[in-house]
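Colleague: could you look at this predicted model? Sequence included:
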Amino acid sequence: MNKEIINFFSNKLKSPSSIKIALPEEDHRVEKACEILSDIGLEIYSSSSIGKQDCYTDLLKNLDFSKNWPDKNLQDYLDNKFILSLAMLKNNDLDGVVAGCTIPSSDVIRNSIRIIGLKKTAKWLSSMFLMVSQNLNKVFSFSDCAVIPEPTSQQLSNIAESTSNLHSILVEEEPKVAFLSFSTKGSASHYRVENVKKAVEIFARKNSDIIHEGEIQLDAAIDRCVSNKKIHDSKLKGDANILIFPNLDAGNIGYKLVQRFGGYFACGPLLLGLNRPVNDLSRGASIEDIVLITLITAIQAEREKNADI
């Protein structure tokens, strides 16, 4: 367990004892993570401490997907501790939910959309990874690395907008967005390049206040010297902190390369677009992974609560 990366995120919490997070799965890794997170000060709801209540059956009756379900079906559905934790979050009895150690990502995503729903500003659910350097002095957001295989230009724009918002919350720095491609400013012609160009146009119309550039190759996005050679009057000047990948192949391979070869901590996938903080875990997640994702979920929840005050 790397205490420095744990402290890096736990120190961002102003009042951890006021944040309630559910980790509803029965798994030895989750149990150990719950102990660590409780020691940090978070109020953690584990599988053993989540109890069924009739009020959540009534809550589900008012949701579109289940409003015609018989009571027996609703009760059976809520017997699943993950589903119950989502209902508690929907009812404001929790501030966030983290799951995925024993549950397929497709089930996490589908049920989160059903019960928690998408934000009005997000037409699609997507994801990002927070990539943190070993010395903790550099943080990137990579997106989308886990959900949308072949994003359209509109989806890429929406992914970039959602990632920018969460990056600002978690890292507390100005987002600088690079729409990645194998082309830089027309150096290549291809339908994939055109898709990225259209995404940049859509993004610019809604988010002119966010520094962004594209289509752009990776080296020009993160290296000032390369940027100076390839782009005249670059907006990013080789200092991007958000990398928007053109498809899931590139995003998934990209974050794993940086994690494995570059030694970066890969924190995610963090789900983008939901009304409340719910985050997914890999079924191969370590105890450290679970602790990190839960801390990030707590930071999201705390910022959202403060914004509502």
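Modeller: Thanks, I have the structure now.
Colleague: could you pull up phi and psi at the spatially closest residue to residue 172 that is not a sequence neighbour?
Modeller: Distance criterion C-beta to C-beta, 6 or more residues apart in numbering; nearest residue to residue 172, sequence neighbours excluded, is residue 12 at 7.7 Å. Any C-beta I mention is one placed from the backbone N, CA and C, and that applies to glycine too. Backbone torsions of residue 12, given as degrees, to the nearest 10, read phi -80, psi -10.
Colleague: lowest-pLDDT helix or strand in the chain?
Modeller: Across the helices and strands of the chain, the lowest-confidence element by mean pLDDT, DSSP states H and E is helix 55-61, at a mean of 87.
Colleague: the strand or helix carrying residue 179 pairs with which strands, and in what direction?
Modeller: Assigned by DSSP states H and E, residue 179 belongs to strand 176-180. Paired neighbours of strand 176-180 in the sheet (DSSP bridges): strand 211-216 (parallel), strand 242-244 (parallel).
Colleague: residue 302 versus the residue nearest to residue 172, what's the distance?
Modeller: 9 Å (C-beta to C-beta, to the nearest Å).
Colleague: for the stretch 1-150 of the chain, just list every one of the helices.
Modeller: Assigned by DSSP state H, counting those that start in this stretch, the stretch 1-150 of the chain shows helices spanning 3-10, 28-40, 55-61, 71-78, 81-90, 105-115.
Colleague: just those helices: most buried one?
Modeller: helix 81-90 (a mean of 23; mean count of other C-beta atoms under 10 Å).
Colleague: pLDDT weak spots in the chain?
Modeller: For the chain, applying pLDDT under 70 flags the ranges 1, 308-309.
Colleague: coming back round to it: who has more neighbours, residue 12 and residue 302?
Modeller: residue 302 (21 against 18; other C-beta atoms under 10 Å).
Colleague: list the contacts of the more buried one.
Modeller: The contact partners of residue 302, by C-beta atoms under 8 Å, 6 or more residues apart in numbering, come to 13-15, 18-19, 95.
Colleague: buried ones among those residues?
Modeller: The neighbour-count test (16 or more other C-beta atoms under 10 Å) marks 13, 19, 95 as buried among these.
Colleague: quick check: the gap between the second one and residue 292.
Modeller: This means residue 19. 15 Å.
Colleague: quick revisit: for the strands paired with strand 176-180, which one sits closest to residue 124?
Modeller: Among the strands paired with strand 176-180, the nearest to residue 124 by C-beta to C-beta is strand 242-244 (13.8 Å).
Colleague: does residue 23 touch residue 36 like I think?
Modeller: No. Counting by C-beta atoms under 8 Å, residue 23 does not reach residue 36; the two are 11.1 Å apart.
Colleague: show me what contacts residue 55?
Modeller: residue 91 are the contacts of residue 55 under C-beta under 8 Å, 6+ apart.
Colleague: now it: how far from residue 103?
Modeller: In terms of C-beta to C-beta, residue 55 sits 24 Å off from residue 103.
Colleague: isn't the residue nearest to residue 172 right up against residue 300?
Modeller: No. Between residue 12 and residue 300 there is no contact under C-beta under 8 Å: 10.6 Å.
Colleague: what residues are shared contacts of these two?
Modeller: residue 170.
Colleague: can you map out the strands along the stretch 201-309 of the chain?
Modeller: Per DSSP state E, counting those that start in this stretch, the stretch 201-309 of the chain has strands spanning 211-216, 242-244, 265-272, 278-280. These are given in chain order.
Colleague: single out the most deeply packed of the ones you listed.
Modeller: Using mean count of other C-beta under 10 Å, strand 242-244 ranks as the most buried of the strands of the stretch 201-309 of the chain, with a mean of 29.
Colleague: next one: it to chain centre, how far?
Modeller: Strand 242-244 has its C-alpha centroid displaced from the chain centroid by 13 Å (C-alpha atoms, centre = their mean, to the nearest Å).
Colleague: hmm, who's touching that strand?
Modeller: Here strand 242-244 has contacts from 140-144, 156, 159-160, 163-164, 167, 175-180, 199, 214, 218, 221-222, 254, using C-beta under 8 Å, 6+ apart.
Colleague: same thing with stretch 106-116?
Modeller: 60, 63, 65-66, 82-83, 86-87, 89-90, 97, 99-100, 125, 147, 271, 274-276, 278, 280.
Colleague: domains of the chain?
Modeller: With automatic domain parsing as the criterion, the domains of the chain are listed as 1-117+275-309, 121-273.
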